[in-house]
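Peer 1: Return atomic coordinates for the entry below.
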Amino acid sequence: MKYGLVVYKETKNIGDDIQCYAAARLLGRVDVVLDREHLDEVEGGEPIAAVMNGWFLHRKWNWPPANCLRPHFVAFHYAEYRMAQYYGEYVKTDFLSGPGLEYLKAWGPIGCRDLNTVELLKKLGVEAYFSGCMTLTLPQMPKTRQDKPYVCFVDVDPRATEALSARAKKEGVEPRVMTHLIPEYPADTTWESRAQQVEKLLTIYQNASCVVTSRLHCALPCLALGTPVLLVRPDLDNIRFQPYVQWLHTATVRDARRGTVEYSFAQPPANSGLHLETRENLIRSVRQFAAEAEQLPQKFELSELERLRWQQKTMRQVLETSLENYKFDLLRYERKCRELLRKEKTTAESDSSKVPPARPAAPEEDSLWDKLYYNLKVNGLAVTLRKIKENIRK
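Peer 2: Sure thing, here's the model as predicted:
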């Protein structure tokens, strides 16, 4: 039995690695690193125990995972509105059907990171429950003495950051503006190197007077670390943040910009502690899985040929649906453009007494189409765009 760590290798957000770091700590050891978006391609005859936490099915048709995996689903997130490769917004739960759905049923109950995923899976007939996010299980980092207290502003609205930073300075607290966005790691980067970057960042949060952020995987780690945290967002009802908003001190971007947020940076209020029960349950669940993984039986099996046939069939159905819907979207957009051009032309002709303002000539039909295609092009999928164009010309 090997122990695998599921990682989003192409991430540009260190929050993904923070989740993986938390899982690795609880697993105890990592024998192999698995690419979250290619779990169906994992090879090897030896079983691999893996905690399946994070935002799954960005690439929706690399599902279900390989037979050799022995998964433990906790802190699992899936959202219909996430496009596959930022392509095919009409892809909903198509790959959570057939073998893709039976896989989840076989390895249930599925511990979910948010209430929306719980509801979605239950509607599909999957046993699911709210487990919380893996970052809630993080251990505390080393504490160091600071010459001056500081507050971290992590990916907060710029105007809100400016207003809140001014207040922090008046209270004698140094503002540090930070981001979770990172360059994509080279393909040969080891997990150990990525984990070191996570530890450096968490140590900064650990020793901050408080942290102000818009990011889920900054706010929840701060709960685990015991660092006071203030969540500042325009959309506190975002489905990814439920039920966590009730556990956090929060403010809207509008109030932060106006300076009406009641929050002290020198003496920030302590976190509520409402996360502690979820944290302990999650720690216990993963540790029990790690201890008993070698005794786990195979609960779902699909031959490679069966997997490929189902993936191909479902992919074709999804593409046909997407192309048909894109065709109507493009036609609707084209009609709006033509109506706008006609109105502008009519207005200019009726007002002959005035010299019309200089403006670019209306684009020819070919250039208009080119612009439409350019604006709707997703990840350079030229073949798909050609098919859309062929459908429109029919």
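
Peer 1: Which positions within the helix or strand containing Arg176 qualify as buried?
Peer 2: Using DSSP states H and E, Arg176 maps to strand 174-178. By neighbour count on 16 or more other C-beta atoms under 10 Å, the buried set for strand 174-178 is Glu174, Pro175, Met178. Using the backbone N, CA and C atoms, a C-beta is placed for each residue, glycine as well.

Peer 1: Skip ahead from the helix or strand containing Lys200 and say which helix or strand is next.
Peer 2: Taking DSSP H and E as the definition, Lys200 sits inside helix 191-206. Per DSSP H and E, the first helix or strand lying C-terminal to helix 191-206 is strand 210-213.

Peer 1: Can you pull out the residues in contact with that following strand?
Peer 2: 151-156, 161, 164, 205, 218-219, 222, 227-232, 265, 268 (C-beta atoms under 8 Å, 6 or more residues apart in numbering).

Peer 1: Give me the sheet partners of that strand and which way each runs.
Peer 2: strand 150-154 (parallel), strand 229-233 (parallel) (DSSP bridges).

Peer 1: Could you give the separation of the first one from the chain centroid?
Peer 2: Once both centres are worked out by C-alpha atoms, centre = their mean, to the nearest Å, strand 150-154 turns out to sit 22 Å from its chain's centre.

Peer 1: Could you do stretch 146-154 as well?
Peer 2: 27 Å.

Peer 1: Output that stretch as PDB - backbone C-alpha positions only.
Peer 2: Only the C-alpha atoms of stretch 146-154 are listed here, as PDB (Å, rounded to 0.1, in the frame of the first residue of the first chain):
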ATOM      1  CA  GLN A 146       8.200  40.900  16.000                       C
ATOM      2  CA  ASP A 147       9.800  44.300  16.300                       C
ATOM      3  CA  LYS A 148       6.500  45.800  15.200                       C
ATOM      4  CA  PRO A 149       3.000  44.300  14.900                       C
ATOM      5  CA  TYR A 150       1.700  43.900  11.300                       C
ATOM      6  CA  VAL A 151      -1.500  43.100   9.600                       C
ATOM      7  CA  CYS A 152      -1.700  41.100   6.300                       C
ATOM      8  CA  PHE A 153      -4.000  42.300   3.600                       C
ATOM      9  CA  VAL A 154      -4.400  39.300   1.300                       C
END
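
Peer 1: could you give the mean pLDDT of it?
Peer 2: Here stretch 146-154 scores 96 as its mean pLDDT.

Peer 1: start at 206 instead
Peer 2: Okay, residue one is now 206; in that scheme the one you just asked about reads as stretch 351-359.

Peer 1: can you give me phi and psi for the spatially most central residue of the chain?
Peer 2: Closest residue to the average C-alpha location of the chain: Trp260 at 5.4 Å, with C-alpha atoms, centre = their mean. Reported as degrees, to the nearest 10, the phi and psi values for Trp260 are phi -90, psi 110.

Peer 1: That one touches Ala284, doesn't it?
Peer 2: Yes: in this structure, Trp260 is within contact of Ala284 by C-beta atoms under 8 Å, at 7.4 Å.

Peer 1: one step back: can you pull the buried residues of the helix holding Lys405?
Peer 2: Within helix 396-411, the residues scored as buried using 16+ other C-beta under 10 Å are Trp396, Arg399, Ala400, Gln402, Val403, Leu406, Leu407, Thr408, Ile409, Tyr410, Gln411.

Peer 1: Tell me where the stretch 256-405 of the chain has strands.
Peer 2: Assigned by DSSP state E, counting those that start in this stretch, the strands in the stretch 256-405 of the chain fall at 274-282, 315-317, 333-335, 355-359, 379-383.

Peer 1: Could you dump these into JSON lines and include distance to Thr216?
Peer 2: Below are the strands of the stretch 256-405 of the chain laid out as JSON lines (distance: least, C-beta to C-beta, whole Å):
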{"stretch": "strand 274-282", "distance to Thr216": "14"}
{"stretch": "strand 315-317", "distance to Thr216": "21"}
{"stretch": "strand 333-335", "distance to Thr216": "24"}
{"stretch": "strand 355-359", "distance to Thr216": "16"}
{"stretch": "strand 379-383", "distance to Thr216": "17"}
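
Peer 1: how about the ones you listed, which one is nearest Val458?
Peer 2: Minimum separation from Val458 across those (C-beta to C-beta) falls at strand 355-359, 12.5 Å.

Peer 1: What angle do strand 379-383 and that closest one make with each other?
Peer 2: 20 degrees (axes from the mean of the first three to the mean of the last three C-alpha atoms, to 10 degrees).

Peer 1: what comes into contact with strand 355-359?
Peer 2: Counting by C-beta under 8 Å, 6+ apart, 366, 369-370, 373, 378-385, 409-410, 413-420, 423, 470 sit against strand 355-359.

Peer 1: In contact with Arg275, which residues are there?
Peer 2: Contacts of Arg275 by C-beta under 8 Å, 6+ apart are Met206, Pro252, Ile253, Ala254, Ala255, Ala498, Leu501, Gln503.

Peer 1: Just the buried ones out of those, please.
Peer 2: Pro252, Ile253, Ala254, Ala255, Ala498.

Peer 1: can you tell me which of these lies nearest to Asp221?
Peer 2: Distances from Asp221 to those, taken by C-beta to C-beta, are shortest for Ala255, at 15.5 Å.

Peer 1: Got the domain ranges for the protein?
Peer 2: The chain breaks down by automatic domain parsing into domains covering 207-342+486-499, 355-479, 518-549+566-598.

Peer 1: quick one: which of those is nearest Glu511?
Peer 2: domain 207-342+486-499 (7.3 Å).

Peer 1: Mind pulling up the pLDDT for Leu581?
Peer 2: The predicted local confidence for Leu581 is 40.

Peer 1: can you count the residues close to Pro433?
Peer 2: 22 (other C-beta atoms under 10 Å).
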